[in-house]
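> Below are the sequence and a predicted model for it; my questions follow.
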Amino acid sequence: MMGMWNRAAETMSRDELAKVQLEGLRKSLRRVWGNEFYRTRLQAGGVASPEDVQSLADLEKLPFFTKDDFREAYPLKMNCVDRRDLLEFHMSSGSTGTPVVMAYTKNDLLQWAECMARCLTMAGLEKGDAFQIMPTFGLFNGGFGCYHGCRKAGLFCVPASSGNTERQIRLMKDFKVKGFCSVVSYVPRIIEKLDALPEGERDLPSLKVGIFGSETFSDETRRRIESRLGIECFDIYGMTETGGIGTTGQDCRCHAGLHVFEDQYITEVIDPVTGKVLPDGEYGELVFTSLTREAMPILRYRTHDICRILTRETCACGRTSLRIDRITGRTDDMLIVKGVNFYPRQVEQALMEIPGVKDEFQIILEERHGITDVTVNVEAEPGVTGHTVAKHLKERLGFLPKGEVFPVGALPRNEGKAKRVIKRRLD
Ligand SMILES: [Zn+2]
């Protein structure tokens, strides 16, 4: 039996969840209606009063909110509570200047801790286990989010923060650390330092769990880390706007998608161009609505993350929440060829269905006089032909790319985030 932090919430029936979601949605809407910034946006989007939402289907009547709204509301125009009720805030800067701020009431911090405690328990950690926090403690939400979660779940917190790899290793050994959280691209640095140690000191025998956030990683990277460190890897999800790390879920030990905490958030996947809600299984942009947050609830917040809903069936772990795929990229990664939208991850998915095809691939887009040609280079075992690859991609993507097959090891390798898409202009 696998552990659960909050069995009642995590195994709620779909009917109960729908009831909790409608109540939470209506409560959030009434709450933000008292704030001028939100109200103006909602009215501009055609909402006359919070009573416009009477069912979950009415959610579609609400306008979308984006990162630009957060930026415009800097620093606290979106705050819906008495300023004296704010206890903490976090902030992400992003690449374009004005930061995004998320402020927390006491209940918001408890909600964050609750979500994080569910994630930590989902990864097999329990009271007394030592957990090393490698994200930075500061304005970025990662360090404090882990800390609040560790406190709630009763873990022994090792607040290492980022950097100083030798000390990280020392702490993991001395305090018999069982789990840690970091960005996945930091792990090769840890492994490199371990490999440089004298024989007999290169392992971390107590370490069992690695929780990785904010970066996407391939199955191959996961396998490499798991076998070298002898750990199980988990994908944690959450961002400043949703309330920080872990708020929007993680994979359980079945590793069959990320559980989203549906008693806390409503999940939608939309077509990033038309804004239309897409059926389960289709790739699009993830949109979240918070149900319990007080200071700065989010309504139909467009994450720019590309994903799909995998299933609403109960997981083998017993949790009833819907599961989303791992994040496959950003809406900015969307490619349009001959009028068809697609994402690199869809190509990857389609390729993996062809027997003999391996993990490494590249998508090359060549534009000449306004016409784009697509070539998909992939590594495969002998016997797989370019024709087979092209034909399968045509079936799955709706257009016919050129397929080129290479022997294993022939395509360039990248650490961390692999460069899968190459664009060239030929005119
Ligand atoms: Zn599960």
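Great, that's in hand. Residues are numbered from 1 along each chain as shown.
> who's in contact with the one residue in the stretch 101-250 of the chain that gets nearest to the ion?
With CB to the ion as the measure, the residue in the stretch 101-250 of the chain that lies nearest the ion is residue 122; the distance is 7.4 Å. Where C-beta positions appear, they are placed from N, C-alpha and C, glycine not excepted. Contacts of residue 122 were listed using CB atoms under 8 Å, 6 or more residues apart in numbering, and they are 4, 5, 234, 250, 251, 252, 253, 259, 317.
> Not counting its neighbours along the chain, what's nearest the second one?
Yep, that's residue 5 we're talking about. Beyond its immediate neighbours in the sequence, the residue positioned closest to residue 5 (CB to CB, 6 or more residues apart in numbering) is residue 121, lying 3.9 Å away.
> Now do the phi/psi pair for residue 52.
Dihedral pair for residue 52: phi -60, psi -20, per degrees, to the nearest 10.
> Next, find the distance separating it from residue 299.
Applying CB to CB, to the nearest Å, one obtains 12 Å for the distance of residue 52 from residue 299.
> More neighbours: which of those two?
residue 299 (24 against 13; other CB atoms under 10 Å).
> That one belongs to a strand, doesn't it?
No. The secondary structure assignment for residue 299 gives coil rather than a strand, going by DSSP: H, G, I helix; E, B strand; the rest coil.
> buried ones in stretch 17-25?
Of the residues in stretch 17-25, 17, 20, 21, 22, 24, 25 count as buried by neighbour count, 16 or more other CB atoms under 10 Å.
> Contacts for that stretch next, please.
Contacts made with stretch 17-25 from outside it, assessed by CB under 8 Å, 6+ apart, are listed as 12, 53, 55-56, 59, 262-263, 266, 289-292, 320-321.
> Counting neighbours, which bits of stretch 183-190 end up buried?
By neighbour count, with 16+ other CB under 10 Å as the criterion, the buried positions of stretch 183-190 are 183, 184, 186, 187, 190.
> and what of stretch 405-424?
Taking 16+ other CB under 10 Å as the basis for neighbour counts, the residues of stretch 405-424 that come out buried are 405, 406, 411, 418, 420.
> Pick out the most distant pair among the residues you listed.
The distance between the two most remote of those (CB to CB) is 18.5 Å, for 405 and 418.
> Okay, now stretch 73-92: how far is its last residue from its first?
As for stretch 73-92, its first-to-last residue distance stands at 14 Å under the measure CA to CA, to the nearest Å.
> returning to that earlier point: want to try a markdown table for the contacts of stretch 17-25, with pLDDT, neighbour count and secondary structure as columns?
What follows is these, written out as a markdown table (pLDDT from 0 to 100; neighbours: other CB atoms under 10 Å; DSSP: H, G, I helix; E, B strand; the rest coil):
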| residue | pLDDT | neighbour count | secondary structure |
| --- | --- | --- | --- |
| 12 | 98 | 19 | coil |
| 53 | 97 | 20 | coil |
| 55 | 98 | 10 | coil |
| 56 | 98 | 13 | helix |
| 59 | 98 | 19 | helix |
| 262 | 98 | 24 | coil |
| 263 | 98 | 19 | coil |
| 266 | 98 | 22 | strand |
| 289 | 98 | 22 | strand |
| 290 | 98 | 24 | strand |
| 291 | 98 | 23 | coil |
| 292 | 98 | 20 | coil |
| 320 | 98 | 18 | coil |
| 321 | 98 | 27 | coil |
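> Of those, which is the nearest to the ion?
If you rank the contacts of stretch 17-25 by distance to the ion using CB to the ion, residue 321 comes first, at 8.3 Å.
> pretty sure the closest one is in contact with residue 258, am I right?
No. Using CB atoms under 8 Å, residue 321 makes no contact with residue 258, being 9.4 Å away.
> what residues do these two have in common as contacts?
residue 249.
> ok, back up a step: now the buried residues of stretch 17-25 as TSV including secondary structure and pLDDT?
Formatted as TSV, the entries for the buried residues of stretch 17-25 read as follows, by DSSP: H, G, I helix; E, B strand; the rest coil; pLDDT from 0 to 100:
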residue	secondary structure	pLDDT
17	helix	98
20	helix	98
21	helix	98
22	helix	98
24	helix	98
25	helix	98
